[in-house]
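Undergrad: Curious how this folds, go ahead:
(one chain, ligands or ions: 2)
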Amino acid sequence: MGDVVGAGVIVGCCRECGSCKANIEQYCNKRIWSYNDIYTDGKPTQGGFASAMVVDQKFVIKIPSGLAPEQAAPLLCAGVTVYSPLKHFGLMTGGLKGAIMGLGGVGHMGVKIAKAMGHHVTVISSSDRKRKEAMDHLGADAYLLSSDEAQMAAATNSLDYIIDTVPAFHPLEPYLSLLKVNGKLILMGVITQPLQFVTPAVMLGRKTITGSFIGSMDETQEMLEFCEKKGLTSMIEMVKMEQINEAMERLERNDVRYRFVVDVAGSKLAP
Ligand SMILES: NC(=O)C1=CN([C@@H]2O[C@H](COP(=O)(O)OP(=O)(O)OC[C@H]3O[C@@H](n4cnc5c(N)ncnc54)[C@H](OP(=O)(O)O)[C@@H]3O)[C@@H](O)[C@H]2O)C=CC1
Ligand SMILES: O=C/C=C/c1ccc(O)c(O)c1
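TA: Ligands and ions are numbered 1, 2, ... in the order given. Below is the predicted model:
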């Protein structure tokens, strides 16, 4: 059997712009998404739910032999989405105090990767439902219920960074107040409403609000090797194509721990 390879969220770029030349092709304005986009041959890109896919070799990565393909699959998006900002913003050193806000597909990998980097990791969640799992199974050090004012007040000025994966409107000030001086609020969730904050919330502490988009192909390869070396796995539930409608309904109900992986080859609908 040959090497197991995978493609990420982006399958094309211009190769000429500053981002492409700097190997951060995810920021190329001509990026081609692996789904719902038009490929270089003029045909629609069809997503990753397939047993085979043809892409430019720049967008192919090698899955390390110690990672099972179903384990690697969620890392190609959720894993690199948290690994990339931690690396880029100089947040890979041990001993940092970080928080992952929103314990979903991206967030659960955030906890695992940040813990593997030696950080003290707090989960900030909208409910208490995931407390036990976060602490006992994912290895979080603390759990903060965002609606609990006393818990939030006790955590003021305590964090070096927050990776905010919440995909819905939320006020930023309560979370900015949790950051230490020079702390970073890194927005990952896609929110199409404007977010608001008052400037002293960032000025009085030289705090940064920033964002990040998946990661480069180089970072994706590096992240997979990091996960293999640290023995990190994602928490997944395998489904077949026949169960896809039920899986979609459960996604809408926030009822998945923490990623579905579709076993395309093992599905009855497979060619
Ligand atoms: N920047 C990037 O490159 C990438 C961005 N994304 C985006 O990141 C966001 C998170 O993705 P993903 O982790 O897959 O999503 P999930 O649905 O798996 O997780 C989101 C989590 O956010 C929390 N949450 C709080 N409020 C809400 C709300 N009103 N509705 C839904 N969730 C809420 C929940 O955690 P809790 O129960 O703990 O509160 C939930 O589990 C999405 O917007 C996604 O599009 C995804 C991949 C890459
Ligand atoms: O606008 C940015 C969208 C980022 C994004 C990338 C990957 C993914 O799975 C998403 O849900 C969002």
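
Undergrad: CA only for contacts and neighbour counts going forward, please
TA: Noted.

Undergrad: Go ahead and name everything in contact with the longest strand along the chain.
TA: The strand of greatest length in the chain, counted in residues with DSSP state E as the criterion, is given as strand 179-187. Counting by C-alpha atoms under 8 Å, 6 or more residues apart in numbering, the neighbours of strand 179-187 from elsewhere in the structure are 85, 156-165, 175-176, 204-212.

Undergrad: Show the subsequent helix or strand relative to the least confident helix or strand in the chain by mean pLDDT.
TA: The weakest-scoring helix or strand in the chain, judged by mean pLDDT, DSSP states H and E, is strand 5-7 (a mean of 61). Toward the C-terminus, strand 5-7 is succeeded by strand 10-12 as the next helix or strand (DSSP states H and E).

Undergrad: Strand partners (parallel or antiparallel) of that following strand?
TA: Strand 10-12 has the following sheet partners, assigned by DSSP bridges: strand 32-33 (antiparallel).

Undergrad: Next secondary structure element downstream of the partner strand?
TA: Stepping forward along the backbone from strand 32-33, the first helix or strand reached (DSSP H and E) is strand 35-38.

Undergrad: for that following strand, packing partners?
TA: Based on contacts counted as 3 or more C-alpha pairs under 8 Å, 6 or more residues apart in numbering; DSSP states H and E, the elements that strand 35-38 packs against are strand 44-46.

Undergrad: Following element in sequence after the strand it packs on, please.
TA: Once strand 44-46 ends, the next helix or strand along the chain (criterion: DSSP H and E) is strand 60-62.

Undergrad: Give me the subset of the contacts of strand 179-187 lying in helices.
TA: Helix and strand membership here follows DSSP state H; of these, those in helices are 85, 175-176.

Undergrad: ok, and which of those residues reach ligand 2?
TA: The residues of the ones in helices among the contacts of strand 179-187 that also fall near ligand 2, by C-alpha under 6 Å from any ligand atom, amount to none at all.

Undergrad: can you map out the helices along the stretch 1-150 of the chain?
TA: 18-21, 69-74, 80-88, 105-116, 131-136, 149-154 (DSSP state H, counting those that start in this stretch).

Undergrad: most packed of these?
TA: helix 105-116 (a mean of 25; mean count of other C-alpha atoms under 10 Å).

Undergrad: That one and ligand 2 in contact?
TA: No: figure legend: helix 105-116 not in contact with ligand 2 (C-alpha under 6 Å from any ligand atom); closest approach 8.9 Å.

Undergrad: and that helix, is it in reach of ligand 1?
TA: Yes: using C-alpha under 6 Å from any ligand atom, helix 105-116 reaches ligand 1 at 105-107.

Undergrad: now that helix against helix 80-88, angle please.
TA: Between the axis of helix 105-116 and that of helix 80-88 there is an angle of 40 degrees, by axes from the mean of the first three to the mean of the last three C-alpha atoms, to 10 degrees.

Undergrad: Need the pLDDT of the residue nearest to residue 115 when sequence neighbours are not counted.
TA: The spatially closest residue to residue 115, leaving aside those adjacent along the chain, is residue 121, at 6.5 Å (C-alpha to C-alpha, 6 or more residues apart in numbering). Each residue has a pLDDT score; the one for residue 121 is 98.

Undergrad: Might you report the residue contacts of residue 11?
TA: 31-34, 55-56, 59.

Undergrad: now swap in residue 35 and tell me
TA: Residues in contact with residue 35 (C-alpha under 8 Å, 6+ apart) are 9, 44-48.

Undergrad: Return the distance of it relative to residue 13.
TA: The spacing between residue 35 and residue 13, counted by C-alpha to C-alpha, to the nearest Å, is 14 Å.

Undergrad: ok, now residue 176?
TA: As defined by C-alpha to C-alpha, residue 176 lies at a distance of 35 Å from residue 13.
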